[in-house]
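Visitor: What follows is a protein structure lacking sequence information:
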């Protein structure tokens, strides 16, 4: 039946839209899904469910969060996103069917669903929004099926407060559909007894009154919410003071789809529908293409990907992905710097990549949401307290006030590393109530009962050994001090050494650079990093005497020859025209020293 | 038949409840409870001190005995949540006397009897409400906080204001005049910044930022006439430790004490309250209104010398008729002599005792783990530690009850991070008795609660603020500026 002439367009779009949505999210936007999971903490148990029944739209938020927890596996998350958007399309179709019996017009229901897919590219729009719309549309379509319109109207009006409580702001769409049902006689449905004028009049007034009054009454009675949020609920946007305009447009789109379906109910005849069907397919495809191009931010996806690789400490993967440095955003650059440091390549490649001091750490200036990566960089280097500070910032700056799982886990880890087990336990007990962090949390809860076992665990032992021992204060303008403390605590912390030496080269602090070359041999570099050779070769030309440990570091003759060539060209006009030097020396420390350090 | 079975079942339950515990072996030791309740002194109008015991058990029977009333309660876990009605009756009948709690536990079929715990029920009640802010324990950003009030005789907590109502607004430093919320202030920062002044049913927003002060006012103390409120103006900065378990420190880069005249809408100060070479903060009016206490430290280079800043306790005369601050500064506790830093002075309602915090340095004791509570006897001019209240971690903000017999204070002793409220009895000689943790319905509450109880203030009645009025007033953007003609006199 679904592939008959009347239904084939809907079925084809259903399959294609579902397939491409799942494909797109799983292949091109998978880290957006992962991020959604990481910014919430769905807790199993009745108390969490109860909490969500205490505010308008909470039911939708609960189910939205329930589904979002599975986004941890992006392929499954992609299927869920596709399923949700298809469910939305089906829910809209169910309503359209009341107004128009023409199945060829069912395809209109895809426009709002596709549009909601675009909205999802922005992680501030929670999954709960679609859940809420589906709930509202399913309830209204259920009661529209009754042939006794007067009775169904009574039900519709009576259920409005319930829909408000379950679906938050979607109750407005619910009310609007009822108003349309009162104003418009459905096409081609002879069995329906349309309510009398008087009933319709009272129905309209009642609905309009309830739509305005219900949130106000709830707010007056017990809701602690702004007036705007009382109408909207937190199901639609994470920032409470922002009006989610796209959701309003999509809701208007659903109403328009109903009107169009009713208007053209008898204009499109199945026998002559070929042109119409092709046109709709073209239109939907164009709509989808334009929407994806206009809304999908692939650079954000790339940033999220690098951030997650840092979180998983996949250093080789970051390097092997061979990112184009110029296309990377701040998170990608820091991720690459950190990965190179862990693989002992940062000093070698820093100038080839035209890195700067700012690329070593991600800056958070206390505005907006603290990115998870800020904490992760500190943690990966061993700066446990700063990692903790920033993990707590990520938790506390969460726009919707939810517990972000990734930061919660990081906070727990840092308290374990610091030996603050009572605090760690609080975070671990929350994580233990989740589906995907339960195992790790339970194991860690067991470990913190047994310090010996904890310290014999390679990860915890390494992290504790890396943490600075002497006290010093956080200063984001002088993080090299923290790096020195890291090395004092654990000289084996190669990433910290790479960071520190890169910092000295970036800031042209030759004294500190030479002083810390004393520890160079500890790291057993297979060959002297090019930048180190270039820096030593340069210092040789300005210093009277170098320490023996510096002289012992091999510098290839070729490097010294290159420096001479560079110096000659610099003196012969290159100093005033860097472009002439860039082709041959753009990836050297000397070029950075003269032309990039002060940019 | 069914009715018969129900009756038998009911009789069995009753029988089980009334039986004494058979063949319990005597452990001879007190049960290890959370929270600790043994040997505490409690008010007769406090909610049940529910507890859990850290002993493996499948069943627990607790017998609670008072002078004229006793009851027994069973639990099928290691948690005891008392019947509120019976608990209240017991305390009511045990005023000025002790109550005894006997715990029996059953594990692997065997009953054990723990040593009987004793609690003293003071004859004086505690104020009915506790007002506090709940805030995450982090650092500089927030999206979720609120000011709440707890009815102390029950577990009922209600919201005064929270971030759902005022998104992006930081709310703090709620302060009531003489424990009465008829007159109170609440500060708002960031979004909707300003100070909300409540006088009776009226709310008013004051913008205390001006070109003469270097920031908005904070840390209020009401004059008993309710005409004046002393504040401090602070330029606070947080610094974060790179190692160890002390996560952060807060330092004042600059601070002055100012006084707000509620009637004239005027902010004024005095040379002794804003001396150029000193940091003055945490003002506190004496209950008779004739003196203004505050803490002061010589100004140094900040933040480099932050650990050298040690505050002394000082007092100056205050004339309520003229609103003038006297010039004779009385140094009651000299930091030079003690080598320690005084902060948060709070005077008992009878004017006899002054409770304060003592730290190694600085004026924000919440960040210094060594901070302890001390008492200063204003009659005998001697100071002493309140050892019964102190722990190895921070004891910080504190508030007296209106009858002066109870104090509530915040402490990080539970885990070193989260601030929690403890309540203690202070006898007429200024000696503190063993405190108890603010009771919670679920003894496991603190295991998963990820907020700090901040600025606990006792209140004789419920804070009655219409949240919509509060929201409207908070969102006002056109606030008349303060009069500052006498700011420098």
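Guide: Good, I have the coordinates. Everything numeric in this text was worked out from a predicted model, so none of it was measured.

Visitor: And the next helix or strand past whatever helix or strand residue A:198 lives in?
Guide: Counting by DSSP states H and E, the element that carries residue A:198 is helix A:197-221. The first helix or strand that comes after helix A:197-221 along the chain, using DSSP H and E, is helix A:227-232.

Visitor: Contacts made by the lowest-mean-pLDDT helix or strand in chain A with the rest, please.
Guide: The least trusted helix or strand in chain A, going by mean pLDDT, DSSP states H and E, turns out to be helix A:578-585, with a mean of 86. With contacts defined as Cβ atoms under 8 Å, 6 or more residues apart in numbering or on different chains, helix A:578-585 is touched by A:562, A:565-566, A:569-570, A:573-574, A:591, A:594-595. Placement of C-beta: from N, CA and C, glycine included.

Visitor: Name the SS class of residue A:136, please.
Guide: Secondary structure state of residue A:136, per DSSP: H, G, I helix; E, B strand; the rest coil, is helix.

Visitor: any idea how far the residue nearest to residue A:535 when sequence neighbours are not counted lies from residue A:91?
Guide: Counting by Cβ to Cβ, 6 or more residues apart in numbering or on different chains, residue A:535 lies nearest to residue A:589, which is 5.3 Å off, once chain neighbours are set aside. Distance, residue A:589 to residue A:91, using Cβ to Cβ, to the nearest Å: 62 Å.

Visitor: cool, and residue A:368?
Guide: From residue A:368 over to residue A:91 (counting by Cβ to Cβ), the distance is 34 Å.

Visitor: The two: which has the busier surroundings?
Guide: Ranked by neighbour count (other Cβ atoms under 10 Å in any protein chain shown), residue A:368 and residue A:91 place residue A:91 first, with 24 against 11.

Visitor: Wasn't the more buried one part of a helix?
Guide: Yes. Residue state for residue A:91 (three-state DSSP) corresponds to a helix.

Visitor: about what we covered before: which of the residues in the helix holding residue A:198 are buried?
Guide: Neighbour-count burial for helix A:197-221, counted by 16 or more other Cβ atoms under 10 Å in any protein chain shown, picks out A:200, A:203, A:206-207, A:210-211, A:214-215, A:218-219.

Visitor: Please apply the same query to stretch A:572-589.
Guide: A:574, A:581, A:585-589.

Visitor: Among these, which one lies nearest to residue A:505?
Guide: residue A:589 (6.3 Å; Cβ to Cβ).

Visitor: Phi and psi next, for the nearest residue to residue A:288 once chain neighbours are set aside.
Guide: Closest residue in space to residue A:288, ignoring its immediate chain neighbours: residue A:114 at 5.5 Å, by Cβ to Cβ, 6+ apart. With angles defined as degrees, to the nearest 10, residue A:114 sits at phi -60, psi -40.

Visitor: cool, and residue B:196?
Guide: In terms of degrees, to the nearest 10, the main-chain angles of residue B:196 are phi -90, psi 120.

Visitor: Tell me how many other residues crowd it.
Guide: Close neighbours of residue B:196, defined as other Cβ under 10 Å, add up to 23.

Visitor: Now do the same contact list for the closest residue to residue A:149 other than its chain neighbours.
Guide: Using Cβ to Cβ, 6+ apart and skipping the chain neighbours, the partner closest in space to residue A:149 is residue A:195 (4.9 Å). Counting by Cβ under 8 Å, 6+ apart, residue A:195 touches A:149-150, A:153, A:182, A:203.

Visitor: Generate a PyMOL selection restricted to the buried subset of those.
Guide: The PyMOL command for the buried members of the contacts of residue A:195 (criterion: 16+ other Cβ under 10 Å) is given here:
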select buried, chain A and resi 149+153+182+203
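
Visitor: Just the endpoints, please. Distance across stretch B:73-84?
Guide: Taking Cα to Cα, to the nearest Å, stretch B:73-84 runs 12 Å from one end to the other.

Visitor: Can you list the buried residues in that stretch?
Guide: Residues B:73, B:75, B:78, B:80-82 are the ones in stretch B:73-84 that count as buried (16+ other Cβ under 10 Å).

Visitor: and stretch B:176-188 with chain A, contact?
Guide: No. Stretch B:176-188 stays clear of chain A (Cβ under 8 Å from any Cβ of the partner chain), getting no nearer than 14.8 Å.

Visitor: Check the offset of that stretch from the chain's centre.
Guide: With Cα atoms, centre = their mean, to the nearest Å as the basis, stretch B:176-188 stands 14 Å off its chain's centre.
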